[in-house]
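K.L.:
would you be able to build a 3D model of this:
(2 chains)
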Amino acid sequence: MFARFLMFLACLGLSAALMAQTGHPAKGSWSGDLKPASGESARIRLLIDDQNGDLSGKINPGRNAIDMSKVELDAAKMTLTIQATTPEGALVLTGTLSNLGSWTNRKYIGTYTQGSAKGNFEITLN
Amino acid sequence: MNTKVIAIAALGTAGLLASVQALAHHSFAAEFDADKKLAMTGVVTKVEWTNPHVYFFIEVDADGGKFEEWAFEMGSPNGLMRRGWTRDTLEVGTEVIISGTQARDGSNKGNAQTVTLAENCQRLFAGTSQRDFVEDDSAKSEGCKP
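P.N.:
Have a look, this model is predicted:
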């Protein structure tokens, strides 16, 4: 009886740790840089939320946040596409999520277009 | 007999996991240097509302486009709530002005004394465990009244 009680307590402790390991791979706060083919890099922050698989988010959350009009993950290729309308023109980010096992160094790397500008981006999960 | 051994081993493992949280509790002086004053402005990128201390992370434009991440420790969730904080007080993307002290090891980590919201200059006590409250001019320099 005592042994069973100990095992119950152990399961409670372990389950608390395991519950913290779930979540959509794109969900969270991301920071990185847009690197245009010519010109200076621009900082970009993303805040992505997941509601039962429906992704939504904001570009540069805060006072001047811009809602993402589309956030779509191709789970087979881990390709994440984000679209938004910014003052500089339509922004489209297309890239791949990598290093998914990491909470501190998960990457979203790809290419983007913003109005007439285009380039690469590298963004890291905060 | 075997069941007992397994149960004790499982309980030991659970205890180890729980001890990670306990280890995070420490005295101010053990980790932070009261003489290393910090005052900086940044954008909140993450908030961890956990025991025994609430942590938040900001991104600071350290050198004209070169961004650094800083982690700041505050008081306990319970202590902050008693001072009027809620989980939504600091949201990702909020611009904040921090005053506090830096970690002894010189890393990008600090103990926040006050957090001022740049949007409305609201100054919040961060529930630090530092004994002596140090007045600072960081918020004033950003256009906020003391």
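K.L.:
now residue B:115: how far from chain A?
P.N.:
Between residue B:115 and chain A the distance is 15 Å, computed by CB to the nearest CB, to the nearest Å. Backbone N, C-alpha and C define where each C-beta goes, glycine included.
K.L.:
now that residue: closest residue in space, sequence neighbours ignored.
P.N.:
Computed as CB to CB, 6 or more residues apart in numbering or on different chains, the closest residue to residue B:115 that is not its neighbour in sequence is residue B:124, at 4.8 Å.
K.L.:
host element of that neighbour?
P.N.:
For residue B:124, the element it lies in under DSSP states H and E is strand B:122-125.
K.L.:
kindly report the same for residue A:70.
P.N.:
Judged by DSSP H and E, residue A:70 forms part of strand A:66-74.
K.L.:
what's that strand packed up against?
P.N.:
The contact analysis (3 or more CB pairs under 8 Å, 6 or more residues apart in numbering or on different chains; DSSP states H and E) places strand A:66-74 against strand A:42-51, strand A:54-59, strand A:79-86.
K.L.:
go again with 6 Å.
P.N.:
Contact here means 3 or more CB pairs under 6 Å, 6 or more residues apart in numbering or on different chains; DSSP states H and E; on that basis strand A:66-74 packs against strand A:54-59, strand A:79-86.
K.L.:
now do the contacts for the residue sitting nearest the centre point of chain B.
P.N.:
Computing the C-alpha centroid of chain B and ranking residues by CA atoms, centre = their mean puts residue B:73 first, at 1.8 Å. When the contact criterion is CB atoms under 6 Å, 6 or more residues apart in numbering or on different chains, the partners of residue B:73 are B:53, B:55, B:111.
K.L.:
check residue A:32 too.
P.N.:
A:122, A:123, A:124.
K.L.:
and the last one, how far is that from chain B?
P.N.:
It stands for residue A:124. If you measure residue A:124 against chain B using CB to the nearest CB, the figure is 9 Å.
K.L.:
please report phi then psi for that residue.
P.N.:
Note on residue A:124: its backbone torsions stand at phi -120, psi 140 [degrees, to the nearest 10].
K.L.:
bridged to it, which residues?
P.N.:
Residue A:124 has these beta-bridge partners by DSSP bridges: residue A:31, residue A:107.
K.L.:
now it: how far from residue B:4?
P.N.:
According to CB to CB, to the nearest Å, residue A:124 stands 47 Å off from residue B:4.
K.L.:
of those two, who's got more company?
P.N.:
Neighbour count, other CB atoms under 10 Å in any protein chain shown: between residue A:124 and residue B:4, residue A:124 has more, with 17 against 12.
K.L.:
tell me the buried residues in the strand holding residue A:70?
P.N.:
Within strand A:66-74, the residues that count as buried by 16 or more other CB atoms under 10 Å in any protein chain shown are A:68, A:71, A:73.
K.L.:
same check, this time on stretch B:122-129
P.N.:
For stretch B:122-129, the neighbour count (16+ other CB under 10 Å) marks B:124, B:125, B:126, B:127, B:128, B:129 as buried.
K.L.:
so the third one touches residue B:112, yeah?
P.N.:
I take that to be residue B:126. Yes - the pair residue B:126 and residue B:112 qualifies as a contact (CB atoms under 6 Å) at a distance of 4.0 Å.
K.L.:
common neighbours of those two, please.
P.N.:
Listed as contacting both residue B:126 and residue B:112 by CB under 6 Å, 6+ apart are residue B:74.
K.L.:
may I have the beta-bridge partners of residue B:58?
P.N.:
According to DSSP bridges, the partner residues bridging residue B:58 are residue B:44, residue B:70.
K.L.:
quick one: it and residue B:38 touch, right?
P.N.:
No - contact between residue B:58 and residue B:38 fails when scored by CB under 6 Å: they sit 11.1 Å apart.
K.L.:
where in chain A is pLDDT low?
P.N.:
Screening chain A residue by residue with the criterion pLDDT under 70, one finds the ranges A:1-3, A:5-22.
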